[in-house]
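# Fold the following, please.
(one chain, ligands or ions: 2)
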Amino acid sequence: MSEEKGENVAIKRQYETLEDLPGIGPSTAQKLKELGFHTVESLAMATVRELEPAGISEKKALAIISAARSSIGISFIRADELLKMRQSVLRLTTGSKALDKLLDGGLETQTITEFYGEYGSGKSQICHQLCVNVQLPPERGGLNGAALYIDTENTFRTERIVQMAKHLGLDPQAVVKNIIYAEAYTSDHQMFLLENADEIVKQNNIKLIIIDSLTAHFRSEYIGREMLASRQQRLNKHMHRLIRLARAFNAVAVVTNQVMAKPDVFFGDAIHPIGGHIVGHTSHTRVYLRRASHGPVRVARLVSSPYLPEGEEIFKITENGIEDISEEEKAKSSGR
Ligand code: GTP
Ligand code: MG
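Ligands and ions are numbered 1, 2, ... in the order given. Below you'll find the predicted structure:
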């Protein structure tokens, strides 16, 4: 099992680049790249319809996709192989044992984890911490990989990364170099960045892809009921792109999301993440963050997961980053 750690899922290399695939000449390759397909991995996850704009017939598209799939070992597989793929899922530590426990050992590769909560609940701080942690070796809860950070609100701070890296005894300069950063100015730009990320992910051994925030641009650009359907459709497409990257490269995918209060809800939870069901269905694990009280303590609630029970844990945000709280602090905050 251990020899698979840190490796891409089931990759039996046959074709290295697009041009290696049968039926793809330089001009088709160019068109595919313009559509955001830069790697064999991304083509393996494509649908026939997605290749249409490159002027590729249905028959040819099927052949290309199937060659790409066979190259990276994705086709019908036996259940024992499915189990093996499942076993190649790796976990990334949050920096807090309590939070890791809530997530059954940390954030999973091949799926999306969504952190949602109000302003200041710690979503971006967790994202920063994960960018550092992903660079740790597996024995310290990392994935020996780099991070890709798509920032929509200009809240990424290199200084904070340096602080967290120092605390973990890592070379801050080396850590900073392993974070590929892009600021997205609009929702279209945000989608464009992700659609063109596959090559960067591959070349830089990226094991963590962050979109902070997933919904802010969509929320401010698509206003009113009549735009809701198209917003959801775009968000859905964006999330699918993310999940495909996470699967193709055995990477952790993280998105953040703000919440809105539903004033018409009197019973149950009146706080809802933006984006509703579409984001809900595609993001496999959802964690709701909130302040416990004034101060550094935060409460994380696992709201939905494919197989884990709901639960709550507390952690804190300090100079060092995301940390566990002591028994003493726990006792104090239990009156929350
Ligand atoms: P929005 O993006 O505005 O929705 O909020 P968010 O959930 O992303 O909040 P974020 O992760 O930015 O959390 C901000 C909080 O983290 C601050 O209010 C501080 O409590 C804490 N924090 C941020 N930086 C530091 C730091 O350098 N030291 C300490 N001790 N705490 C920090
Ligand atoms: Mg934030």
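
# Roughly how far does whatever residue of the stretch 151-300 of the chain ends up closest to ligand 1 sit from ligand 2?
Proximity of the stretch 151-300 of the chain to ligand 1 (Cβ to the nearest ligand atom) peaks at Q258, 5.3 Å away. Where you see a C-beta, it was placed from the backbone N, CA and C, and this is true even at glycine. From Q258 across to ligand 2, the span is 8 Å (Cβ to the ion, to the nearest Å).

# what about that residue, neighbour count?
19 (other Cβ atoms under 10 Å).

# What of A292?
Count around A292 with other Cβ under 10 Å applied: 19.

# surely it meets F315?
No: with contact defined as Cβ atoms under 8 Å, A292 does not count as touching F315 (9.6 Å).

# Find the residues that touch each one of these two.
Here A292 and F315 share the contacting residues R298, scored by Cβ atoms under 8 Å, 6 or more residues apart in numbering.

# isn't the residue of the stretch 151-300 of the chain closest to ligand 1 right up against E114?
No: between Q258 and E114 there is no contact, the gap being 11.3 Å when judged by Cβ under 8 Å.

# Would you mind grabbing the residues shared as contacts by these two?
Between them, Q258 and E114 share these contacting residues under Cβ under 8 Å, 6+ apart: P273.

# Three-state assignment for M260, please.
What DSSP: H, G, I helix; E, B strand; the rest coil gives for M260 is strand.

# beta partners of it?
Per DSSP bridges, residues listed as beta-bridge partners of M260: H272.

# And for it, the neighbour number?
There are 13 residues near M260, going by other Cβ under 10 Å.

# so how far is ligand 2 from it?
According to Cβ to the ion, M260 stands 16 Å off from ligand 2.

# Repeat that for I200.
Between I200 and ligand 2 the computed distance is 23 Å (Cβ to the ion).

# show me the contacts for that residue.
Contacts of I200 (Cβ under 8 Å, 6+ apart): 148, 180, 206.

# nearest to D104, of these?
Nearest to D104 among those is I206, at 23.4 Å by Cβ to Cβ.

# Show me what the spatially most central residue of the chain bridges to in the sheet.
The centre of the chain sits closest to A253, judged by Cα atoms, centre = their mean, with a distance of 1.4 Å. On the basis of DSSP bridges, A253 is bridged to I112, I209.

# Am I right that it is in contact with I243?
Yes: contact between A253 and I243 holds when scored by Cβ under 8 Å: they sit 6.8 Å apart.

# Report the set of residues contacting both of the two.
With Cβ under 8 Å, 6+ apart as the test, A253 and I243 both reach 111-112.

# any idea which helix or strand comes after the lowest-mean-pLDDT helix or strand in the chain?
Lowest by mean pLDDT, DSSP states H and E among the helices and strands of the chain is helix 276-282, with a mean of 68. Following helix 276-282 in sequence order, the next helix or strand is strand 285-291 (DSSP states H and E).
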